[in-house]
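# okay, structure incoming, though there's no sequence with it:
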């Protein structure tokens, strides 16, 4: 089974702190994604990466950055956490197949609270 | 053009009833339509998916109906059970939009 593992299930951080959310996948997927999930807003794409050291902005990148130094690991960084970044963060991965993406798999999520 | 519109936002169904969730899209280049199921505290998991060359796909109690001309697709859960209570997301993929596009989700509650 494809596994996408997020390092923390719950995090509580203070306003202004630098926060790192880690995600690791074990199935050699090329593509990795970070979403945030909020009630009524669904899943919103923050950043994605199609390759090592490559990153692309999603729909809501402001206040976030990412790092992909290894194929299996994709980190989301909140440079200076704010209370409006309190949310559920979901990591996902997929692979390329026949010219399209395939096999989107999600981690269990990290519920971040910024106080 | 890239949106997937999902309705209803929430749904309450009695045990044994049929749950129906609808989605609509605009981009005719989409060629893969999955549904994801998410239980509280968990990430979304692929439930069932369809490609536009078929009008229906059934897996157990879960059926996707697909109407290509109307650009709509729906999830039907037959004999709904309390264990089906979850949030369901439709999604679409294909064309120039490389990433999966999600609907906003439907929270389903199945009452005993």
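Perfect, I can see it now. Note that the structure is a prediction, hence the values are computed from the model and not measured.

# least trustworthy helix or strand in chain A by mean pLDDT?
Taking mean pLDDT, DSSP states H and E as the measure, the helix or strand of chain A with the lowest value is strand A:100-106, at a mean of 82.

# what lies in contact with that one?
Around strand A:100-106, the neighbours that count as contacts under C-beta atoms under 8 Å, 6 or more residues apart in numbering or on different chains are A:2-4, A:25, A:27, A:29, A:31, A:90-97, B:31-32, B:34, B:36, B:43-46, B:93-94, B:98-100. (Each C-beta comes from the backbone N, C-alpha and C, glycine too.)

# let's see that with 7 Å instead.
Outside of strand A:100-106, the residues within contact range by C-beta atoms under 7 Å, 6 or more residues apart in numbering or on different chains are A:2, A:4, A:31, A:90, A:92-95, B:43-45, B:93-94, B:98, B:100.

# of those, which belong to strands?
With strands taken from DSSP state E, the overlap with those comprises A:4, A:31, A:90, A:92-95, B:45, B:93-94, B:98, B:100.

# who does residue 92 bridge with?
By default, I'm working from chain A. Each beta-bridge partner of residue A:92 is listed here, defined by DSSP bridges: residue A:33, residue A:106.

# that answer is for a different chain, and I need it for chain B
For residue B:92, the residues forming beta bridges with it (DSSP bridges) are residue B:101.

# quick check: it touching residue B:35?
No - in this structure, residue B:92 sits apart from residue B:35 without contact. The criterion is C-beta atoms under 7 Å, and the distance is 10.7 Å.

# check contacts around the residue nearest the centre of chain A.
For chain A, residue A:34 is the residue whose C-alpha lies nearest the centre (C-alpha atoms, centre = their mean; 2.5 Å). Applying C-beta under 7 Å, 6+ apart to residue A:34 gives the contacts A:46-47, A:66, A:74, A:76, A:89, A:91.

# just name the closest of these to chain B, please.
Proximity to chain B was ranked across the contacts of residue A:34 by C-beta to the nearest C-beta; first place goes to residue A:91, at 8.2 Å.

# that closest one contacts residue A:5, correct?
No - the pair residue A:91 and residue A:5 does not pass the contact test of C-beta under 7 Å, sitting 8.5 Å apart.

# need the overlap of contacts for these two.
Taking C-beta under 7 Å, 6+ apart as the contact definition, residue A:91 and residue A:5 share the neighbouring residues residue A:107.

# that older thread, between residue B:92 and residue B:35, which is the more surrounded one?
Comparing residue B:92 with residue B:35 by other C-beta atoms under 10 Å in any protein chain shown, the one with more neighbours is residue B:92, at 26 against 22.

# list the contacts of that one.
Residue B:92 makes contact with B:4, B:25, B:30, B:33, B:101 under the criterion C-beta under 7 Å, 6+ apart.

# burial count for the first one?
Summarising burial for residue B:4: neighbours were counted as other C-beta under 10 Å, giving 22.

# and the pLDDT for it?
Model confidence at residue B:4, given as pLDDT, is 93.

# please name the bridge partners of it.
Judged by DSSP bridges, the bridge partners of residue B:4 are residue B:25.

# give me the spatial nearest neighbour of residue B:10, chain neighbours excluded.
Excluding the flanking residues, the one nearest residue B:10 by C-beta to C-beta, 6 or more residues apart in numbering or on different chains is residue B:107, at 4.6 Å.
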